[in-house]
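J.: pasting the sequence and the predicted model now:
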Amino acid sequence: MLSSGHYWYGEQVFGELGTRYFLRDALGIAAGLHEFFRNTDVFQMANYAQTVNVIGAIKTTKTAAAFETTGLALKLYRQRFGTIPVVVSGDTGPLDVVAAWTEDRKAITVGVVNPTREAQELPFNLQGAKLTGKGRVWSISGPDEMAYNHPGEAPKVTVVEQEISGVERSIKAQPVSVMLFRLEVE
C-alpha cells in the first residue's frame, strides 16, 4: 500500500498530531499525486485518510475554517486534472511533470511542481495534436515555502486562476509552486 503521504512535524497547533502544513507540503502532496498518475496501470484507488483537523486538509477553530496548503493541492487536481494519462518523456528536471487529456480530449492538462526558488521554463512537444495557444493555468503559491493558511486569517497560500495565450512550445513554472495548465487543442 502506498500513501500520498502525511507530514507530521513541527508544532501540533490543532491537537495531537494536528500539524500545520506549509506551501512546501503542498508541493509534496502534488508530487505524490504525480506518482499515482504516472502509475495508473498499478493503482485502482487511493484514499486520503483525514479531511478535517489533526492531519487533515482543512483546519478549523470554533468559528472559522481554512484549507490547508495540502488541501488546496488535493482540491485543484481533483477538479482540474485530466482523466486520460499521457506519457511525459525527456528531461524535465528539476520540475516534476505529469500530463493527461481531458475526458472530451479538447485539452491537455499538465501538472508541474517547481520546488526551486527560480522560475523554470518547460519546453515541450505535444505529439498527435496541435495546441491552439489558448488555455488556463491554476497556480498554488505564496510568499515563501513556509507560508501557511490559518482559520480566521486571510490565506497566505492560494490558488490563482489565469487565462493564458500564446502557448506553443513551452510553459513557465513560477518559483516554489504547483501549477496546473489546461491547454486547448484544435
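T.: Ah, there it is. Numbering: from 1, shown residues only.
J.: next structured bit after the lengthiest strand in the chain?
T.: Secondary structure of the chain read by DSSP state E shows that its longest strand is strand 131-141. The first helix or strand that comes after strand 131-141 along the chain, using DSSP states H and E, is strand 158-164.
J.: distance from the chain centre to that next one, please.
T.: 12 Å (CA atoms, centre = their mean, to the nearest Å).
J.: so what touches it?
T.: For strand 158-164, contacts defined as CB atoms under 8 Å, 6 or more residues apart in numbering pick out 72, 75-76, 134-142, 181. Heads up, the C-betas are built off the backbone N, CA and C, glycines and all.
J.: compile those into CSV and extend it with columns for distance to residue 35.
T.: Formatted as CSV, the contacts of strand 158-164 follow (distance: CB to CB, whole Å):
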residue, distance to residue 35
72, 19
75, 19
76, 17
134, 30
135, 25
136, 25
137, 22
138, 20
139, 21
140, 18
141, 22
142, 23
181, 19
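J.: what's the farthest-apart pair in the residues you listed?
T.: Pairwise distances across the contacts of strand 158-164 (CB to CB) peak at 27.3 Å, for the pair 134 and 142.
J.: more crowded one of those two?
T.: Between residue 134 and residue 142, counting by other CB atoms under 10 Å, residue 142 is the more crowded of the two (21 against 15).
J.: any idea how far residue 132 is from that one?
T.: 31 Å (CB to CB, to the nearest Å).
J.: next, the contact list for residue 181, please.
T.: By CB under 8 Å, 6+ apart, the neighbours of residue 181 are 109-112, 135-137, 164, 167, 171.
J.: separation between the residue lying closest to residue 186 once chain neighbours are set aside and residue 123?
T.: Of all residues not flanking residue 186 in the chain, residue 130 sits nearest, at 4.7 Å (CB to CB, 6 or more residues apart in numbering). To residue 123, residue 130 is 16 Å away according to CB to CB.
J.: just residue 70 next, same as before
T.: Relative to residue 123, and taking CB to CB, residue 70 is found at 30 Å.
J.: for the two, indicate the residue with more neighbours.
T.: Neighbour count, other CB under 10 Å: between residue 70 and residue 123, residue 70 has more, with 28 against 10.
J.: that one belongs to a helix?
T.: Yes - counting by DSSP: H, G, I helix; E, B strand; the rest coil, one finds residue 70 located in a helix.
J.: follow-up on the earlier one: my read is that the residue nearest to residue 186 contacts residue 169, right?
T.: No - with contact defined as CB atoms under 8 Å, residue 130 does not reach residue 169; the gap is 11.8 Å.
J.: one step back: pull out the buried members of the contacts of strand 158-164.
T.: Neighbour counting by 16 or more other CB atoms under 10 Å classes 72, 76, 135-142, 181 among the contacts of strand 158-164 as buried.
J.: tell me where the protein is predicted with low confidence.
T.: Residues of the chain that meet the criterion pLDDT under 70 lie in 1-8, 49-54.
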